[in-house]
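Asks: With the input below, show me the fold.
(2 chains)
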There are 2 protein chains.
Amino acid sequence: MRNICLHLAFDGTNYCGFQVQPNGVSVCQKVQDALEQVLGSRPDVKGCSRTDSGVHALDYVLNFHAQIKMPLYRLPLALNAHLPPDIRVKRAEEAAPDFHARYSAHRKTYQYRIRNSAIDDPFTRGYYHKVPGNLDVEAMDRAARTLEGIHDFLAFCAAGSSVAAHGDTVRTISCCRVDREGEMVLITVTADGYLYNMVRILAGTLLEAGQGKRDSDSLLRVLESRDRRQAGPTLPGKGLFLLRVEYPQP
Amino acid sequence: MRNICLHLAFDGTNYCGFQVQPNGVSVCQKVQDALEQVLGSRPDVKGCSRTDSGVHALDYVLNFHAQIKMPLYRLPLALNAHLPPDIRVKRAEEAAPDFHARYSAHRKTYQYRIRNSAIDDPFTRGYYHKVPGNLDVEAMDRAARTLEGIHDFLAFCAAGSSVAAHGDTVRTISCCRVDREGEMVLITVTADGYLYNMVRILAGTLLEAGQGKRDSDSLLRVLESRDRRQAGPTLPGKGLFLLRVEYPQP
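Replies: Predicted structure coming up:
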């Protein structure tokens, strides 16, 4: 059995997330269907991250164990022939026997994309959250930087999540920045792990800082409160992208 | 009657082009439908360019004469409420009484987008022509530059077009360049006017230069031949974007 690692890009619009769910079509299920077509067996797949419904990925990593005879450079094209066009396998490589897409990951980078305009873009609709009106991006960036470091992020975790109930809510954000690119405002977060809905709640809270609804130094108080109600709203999944996952050098 | 100028962006995938056609839904028709809803009358609309079926636009310009009481800054949002999401009005402004979106235009810039990869991109599928295999972008750029200047472009005009039959096939290309941006190869052309399918045939011919199927200095011979069969294939409409239209300063 070889341990195979796949890199995917997917448009999450039509999926309930990566993880198989009782209701809704998952990305994982589509990948397993394609693997079954190509390999003749249906391997167990480990994804680098659950992603919420509607969330996109530019470089999603998964692994599975299987006996594969074909050269690995052929695997992406073979799988893509059996995948819907909104899911593409970009690369396949052999991983160390103990590599696990989720547990081996050191850090993951997500980006939340806001379109700061009253007018939608016909080419990227579905890939951002629209916010008309003035946004103070410098205030958002100042607020974002206060989140960097080791913190208890319970206030930024969806209420009722099982992780929240078990108390393991300390994470390390190594980088949290907000940049403007034309009409797009990009919130980029790199952390060792994330709580349920954490980036979407962070983005909703930073957005309030950009709209003058809260001070940019108020986020530390939100962290200290450990109270979900002190943070901002959960922004829609369609604006969220998994950008990359980092693993230790082999 | 005021002369109103609108700037649009549209994803042309689902349209037969800008121009109203006997079969197929046109962008113009959708804009007229929205104008009728907002103004209560259906104005005659002059577009800056016919565009082929499936061709996209980042900044399409049109004008129409109408009596409008509302402030013009409100017109884009009012029209967008009645337009499908793949057509957006970006801006409305009052034009000089004799402004005509097509006849007043000095130059138009189109871009043909090639994705030089065996693997599609799930987020921009529908917005490029995919070409796997090596592409010599420097050779494409050298070939592109030989097209700059005043030439008879009959060889780059769809056979059987009425313009070709009438002999008015001299155009001035002020800039024609090919650039690589990651996996994308972008062919950008600025000219005072275009023949039917001209950019798509130019792109198909430059592509052959990039694939080593023709010399990069062979394009002048194609021009001189005035023979459509000497040029390359017409690439699909979905890779073509109208980028901008230039008008004299008022």
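
Asks: Spell out which residues make up each domain of chain A.
Replies: A:2-94, A:107-246 (automatic domain parsing).

Asks: Mind checking those domains for the one nearest to B:Arg125?
Replies: In terms of CB to CB, the element of the domains of chain A nearest to B:Arg125 is domain A:2-94, at 5.6 Å. All C-beta atoms are positioned from the backbone trio N, CA, C, and that covers glycine.

Asks: Wondering if the closest one reaches chain B at all.
Replies: Yes: residues of domain A:2-94 are located near chain B by CB under 8 Å from any CB of the partner chain, namely A:9-11, A:56, A:76-77, A:80, A:85-90.

Asks: Distance from that domain to the middle of the chain?
Replies: Here the centre of domain A:2-94 is set off from its chain's centre by 16 Å, with CA atoms, centre = their mean, to the nearest Å.

Asks: how far does it stretch from start to finish?
Replies: By CA to CA, to the nearest Å, the extent of domain A:2-94 from end to end equals 7 Å.

Asks: what does stretch A:219-230 give?
Replies: End-to-end span of stretch A:219-230 (CA to CA): 9 Å.

Asks: average model confidence for it?
Replies: What stretch A:219-230 shows for mean pLDDT is 95.

Asks: Now do the strands in chain A.
Replies: A:2-10, A:46-47, A:56-66, A:87-94, A:107-115, A:129-130, A:149-152, A:170-181, A:184-191, A:240-246 (DSSP state E).

Asks: Around A:Val45, count how many other residues there are.
Replies: The local packing of A:Val45 (other CB atoms under 10 Å in any protein chain shown) involves 20 other residues.

Asks: Please determine how far the nearest residue to it once chain neighbours are set aside is located from A:Ser49.
Replies: Distances taken as CB to CB, 6 or more residues apart in numbering or on different chains place A:Phe64 nearest to A:Val45, at 4.8 Å, with adjacent residues excluded. Separation of A:Phe64 from A:Ser49 (CB to CB, to the nearest Å) stands at 16 Å.

Asks: Please compute how far stretch A:110-123 lies from its chain's middle.
Replies: Between the centre of stretch A:110-123 and the centre of its chain there are 17 Å (CA atoms, centre = their mean).

Asks: Buried ones in that stretch, by neighbour count?
Replies: For stretch A:110-123, the buried set under the neighbour-count rule, 16 or more other CB atoms under 10 Å in any protein chain shown, comprises A:110-117, A:119-123.

Asks: where does chain A have low pLDDT?
Replies: A:163-166, A:250 (pLDDT under 70).

Asks: for it, what spans make up the helices?
Replies: With helices called from DSSP state H, chain A shows them at A:27-39, A:75-80, A:137-145, A:162-166, A:198-210, A:219-225.

Asks: Could you export the buried residues of stretch A:110-123 as a markdown table, including distance to chain B?
Replies: A markdown table is the format used below for these (distance: CB to the nearest CB, whole Å):
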| residue | distance to chain B |
| --- | --- |
| A:Tyr110 | 16 |
| A:Gln111 | 13 |
| A:Tyr112 | 16 |
| A:Arg113 | 11 |
| A:Ile114 | 17 |
| A:Arg115 | 12 |
| A:Asn116 | 14 |
| A:Ser117 | 9 |
| A:Ile119 | 6 |
| A:Asp120 | 6 |
| A:Asp121 | 7 |
| A:Pro122 | 4 |
| A:Phe123 | 6 |
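
Asks: quick one: terminal-to-terminal distance for stretch A:43-61?
Replies: Stretch A:43-61 end-to-end distance (CA to CA) = 15 Å.

Asks: Oh, that last question was meant for stretch A:155-173, not what I typed.
Replies: 15 Å.

Asks: Torsion angles phi and psi at the residue of chain A most remote from its centre?
Replies: The centre of chain A is farthest from one residue, A:Lys69, which by CA atoms, centre = their mean lies 32.3 Å away. Phi and psi for A:Lys69, reported as degrees, to the nearest 10, are phi -90, psi -30.

Asks: That one and A:Val222, how far apart?
Replies: Counting by CB to CB, the separation of A:Lys69 from A:Val222 is 54 Å.

Asks: Could you do A:Pro236 as well?
Replies: A:Pro236 sits 21 Å away from A:Val222, taking CB to CB as the criterion.

Asks: Please apply the same query to A:His56.
Replies: As for A:His56, its distance to A:Val222 is 27 Å (criterion: CB to CB).

Asks: follow-up on the earlier one: using JSON lines, lay out the domains of chain A together with distance to B:Phe156.
Replies: As requested, the domains of chain A are arranged in JSON lines below (distance: least, CB to CB, whole Å):
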{"stretch": "domain A:2-94", "distance to B:Phe156": "31"}
{"stretch": "domain A:107-246", "distance to B:Phe156": "27"}
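
Asks: Just tell me which of those domains ends up closest to B:Val45.
Replies: Across those, closest to B:Val45 is domain A:107-246 (CB to CB), at 18.4 Å.

Asks: okay, how far is it across that closest one, tip to tip?
Replies: Domain A:107-246 has its terminal residues 5 Å apart, counting by CA to CA.

Asks: Contact partners for A:Pro97?
Replies: Neighbouring residues of A:Pro97 by CB atoms under 8 Å, 6 or more residues apart in numbering or on different chains: A:Asn3.

Asks: Same check on A:Asp11?
Replies: Counting by CB under 8 Å, 6+ apart, A:Asp11 makes contact with A:His56, A:Asp86, A:Ile87, A:Gly126, A:Tyr127, B:Pro122, B:Phe123.

Asks: Now with 7 Å, please.
Replies: The contact partners of A:Asp11, by CB atoms under 7 Å, 6 or more residues apart in numbering or on different chains, come to A:His56, A:Asp86, B:Pro122, B:Phe123.

Asks: from memory A:Thr84 sits against A:Lys30, does it?
Replies: To be clear, residue A:84 is Pro; Thr isn't right here. Yes: counting by CB atoms under 7 Å, A:Pro84 touches A:Lys30, with 6.3 Å between them.

Asks: Looking at those two, which is more packed in?
Replies: Set A:Pro84 next to A:Lys30 and count neighbours by other CB under 10 Å: A:Lys30 wins out with 20 against 17.

Asks: returning to that earlier point: which of A:Pro236 and A:Val222 has more residues huddled nearby?
Replies: Using other CB under 10 Å as the criterion, A:Pro236 and A:Val222 rank with A:Val222 on top: 24 against 18.

Asks: So the more buried one versus chain B, what's the distance?
Replies: Distance of A:Val222 to chain B, computed by CB to the nearest CB, to the nearest Å: 32 Å.

Asks: Chain neighbours aside, what residue packs nearest to that residue?
Replies: A:Gln230 (4.6 Å).

Asks: and what of A:Arg214?
Replies: Nearest to A:Arg214 is A:Glu208, by CB to CB, 6+ apart, at 4.8 Å.

Asks: ok, that neighbour to chain B distance?
Replies: Per CB to the nearest CB, A:Glu208 is found 24 Å from chain B.

Asks: List the buried residues of stretch A:177-187.
Replies: Counting neighbours by 16+ other CB under 10 Å, one finds that the buried residues in stretch A:177-187 are A:Val178, A:Met184, A:Val185, A:Leu186, A:Ile187.

Asks: still on that earlier bit, let me have the residues of domain A:2-94 next to chain B in CSV, adding distance to A:Phe153 as columns.
Replies: Formatted as CSV, the residues of domain A:2-94 next to chain B follow (distance: CB to CB, whole Å):
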residue, distance to A:Phe153
A:Ala9, 27
A:Phe10, 26
A:Asp11, 28
A:His56, 22
A:Pro76, 36
A:Leu77, 40
A:Asn80, 37
A:Pro85, 36
A:Asp86, 31
A:Ile87, 30
A:Arg88, 32
A:Val89, 32
A:Lys90, 31
